[in-house]
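Chemist: Please work out how this folds:
(chains A and B)
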Amino acid sequence: MSSTLLLLAGGVELPAETGDTILAAMKRADRNIHNICGGRGICGTCRVAIDEAWLPLLAPPTKGETRLLRVLKAGAAHHRLACQTVLDARHHGLEFTPDTPPGGSLSATGSRP
Amino acid sequence: MNAAVEARRSSQEAVGPAFTQERMLQMRGKTRDMVNQIGAAVKPGMVEEDAVELAKDLLACNDMLRGWHDVVVRFGRNTVKTFGDPSEPGVVLGENDIVSVDIGPVWEDWEGDAGDTFVFGNDPRMLKCAADARQLFHIVRRQWQSTGMSGKELYDFADAETRRLGWKLNLDLSGHRLSDFPHAAIFNGSMAEIDFKPSPLLWILEMHIRHPSGAFGAFFEDMLLDDSYFAV
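Modeler: Numbering: from 1, shown residues only, chains lettered A, B, ... in the order given. Next up, the predicted model:
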């Protein structure tokens, strides 16, 4: 049975349920977060910076998440993928900041070549 | 071309601010090279899941692990499966077998997409299937080059040509945009649904064909470009 959590996303309160990923909670609340690959841990656009005090309470990243985080530009040890980070009851109050990696415009602003 | 079609074309063929011909072609070359590296690294006796991990390790070593779509390596009977369908687990590559590879990496600001099929051993049906997937790509590409066919007309043509060669075309994989990352913000539909002639450099032409029995299939895809970009 899920229970309600309250996270802090960029300093703003974000309701979530246990069992959610951070990405799912952000999307349900209509918060702005990129997820070009649909939350499958492929594109890295949903990268978030976790407040370092909370890192030990998160499940360690899988091999696949670790491998992708390593190749994302300007990555740091406290980065995780929102689509791969599953919340449980220990995460009430978790603080993070969306931090899309550089590279890619994430919008269609140009015209045909 | 009427105004409504031209408006759709303008919208669906937009690009982002990092788009350049030089970079898109560079990324095309890097992506095709990775497909060939993956094909060369796969060996009989390997389990498909291990080949996918090997492919991801190779991409990571070349700063191309980040993707706009997942890394797909399929063995044997899994080669009939369409994009996004899970493979039957634990399939081991045989001495006479077939492998398809499909990658969609992002390198810096640019997307790539390439796919090919590799045959191990000497099964003549598999060798012909792999060769025909590549040949179909070029048959359809030349039709594009020499006519004003729309994306939909090109895939209707591809379907007829595939049947003429004795295979079945998977129309779930029917071409798509490519651009500076992410093309999905511009147009996430298929080439087979557009009612104008697709422009060079902006589209990926995909051919996924299957043996009529469903025993195996072959896949080939590359950027839609004229003959001068191919050694054929």
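
Chemist: use CA for all of it now, contacts and neighbours both
Modeler: Fine.

Chemist: Now do the contacts for the spatially closest residue to residue B:217 that is not a sequence neighbour.
Modeler: Distances taken as Cα to Cα, 6 or more residues apart in numbering or on different chains put residue B:210 closest to residue B:217, at 4.0 Å, once the chain neighbours are dropped. Listed by Cα atoms under 8 Å, 6 or more residues apart in numbering or on different chains, the contact set of residue B:210 reads B:80, B:129, B:167-170, B:216-218.

Chemist: at 10 Å instead, please
Modeler: B:79-81, B:129-130, B:133, B:162, B:166-170, B:216-219 (Cα atoms under 10 Å, 6 or more residues apart in numbering or on different chains).

Chemist: Past the helix or strand containing residue B:99, which element shows up next along the chain?
Modeler: Assigned by DSSP states H and E, residue B:99 falls within strand B:97-107. Using DSSP H and E, the helix or strand that follows strand B:97-107 towards the C-terminus is strand B:110-111.

Chemist: how about whichever helix or strand comes after that following strand, does it reach chain A?
Modeler: Helices and strands here follow DSSP H and E; after strand B:110-111, the next one along the chain is strand B:114-120. No. Using Cα under 10 Å from any Cα of the partner chain, strand B:114-120 stays clear of chain A, with a minimum separation of 16.4 Å.

Chemist: Distance from the chain centre to the longest helix along chain A, please.
Modeler: The residue-count maximum for a helix in chain A (DSSP state H) belongs to helix A:63-71. Here helix A:63-71 is found 14 Å from its chain centre; the criterion is Cα atoms, centre = their mean, to the nearest Å.

Chemist: list the buried ones in that helix?
Modeler: A:65, A:67-71 (16 or more other Cα atoms under 10 Å in any protein chain shown).

Chemist: Now it: average pLDDT?
Modeler: For helix A:63-71, mean pLDDT rounds to 92.

Chemist: all strands for the chain, in order.
Modeler: Since no chain was named, I'll use chain A. A:4-9, A:12-17, A:47-50, A:79-81, A:95-98 (DSSP state E).

Chemist: The chain in question should be chain B.
Modeler: Using DSSP E, strands in chain B cover B:67-75, B:97-107, B:110-111, B:114-120, B:168-169, B:176-177, B:203-210, B:217-223.

Chemist: Any regions of chain A where pLDDT drops low?
Modeler: A:1, A:103-113 (pLDDT under 70).

Chemist: again, only this time at 50
Modeler: Applying pLDDT under 50 to chain A flags residues A:108, A:112-113.

Chemist: Show me which residues of the biggest helix by length in chain B are buried.
Modeler: Longest helix in chain B, counting residues (DSSP H): helix B:124-146. Judged by neighbour count (16+ other Cα under 10 Å), helix B:124-146 contains these buried residues: B:126-127, B:129-141, B:144-145.

Chemist: now swap in stretch B:150-167 and tell me
Modeler: B:150-155, B:158-159, B:161-162, B:167.

Chemist: Just the closest of the residues you listed to residue B:118, please.
Modeler: residue B:167 (17.5 Å; Cα to Cα).

Chemist: list the contacts for that closest one?
Modeler: Taking Cα under 10 Å, 6+ apart, one finds B:129, B:132-133, B:159-161, B:208-214, B:217-218 in contact with residue B:167.

Chemist: So residue B:141 sits against residue B:205, correct?
Modeler: Yes. At 7.8 Å, residue B:141 and residue B:205 qualify as touching, with contact defined as Cα atoms under 10 Å.

Chemist: what is in contact with those two at once?
Modeler: Contacts common to residue B:141 and residue B:205, judged by Cα under 10 Å, 6+ apart, are B:154, B:222-225.

Chemist: quick revisit: and of the strands of chain B, who's closest to residue B:21?
Modeler: Among these, strand B:110-111 sits nearest to residue B:21 (Cα to Cα), with 10.7 Å.

Chemist: Just give me how far that closest one sits from the chain centre.
Modeler: On Cα atoms, centre = their mean, the centre of strand B:110-111 falls 15 Å from the chain's centre.

Chemist: now check it, is it near chain A?
Modeler: Yes. With Cα under 10 Å from any Cα as the criterion, chain A is reached by strand B:110-111 at B:110-111.

Chemist: what's that strand packed up against?
Modeler: Packing partners of strand B:110-111 (3 or more Cα pairs under 10 Å, 6 or more residues apart in numbering or on different chains; DSSP states H and E): helix B:21-41, strand B:67-75.
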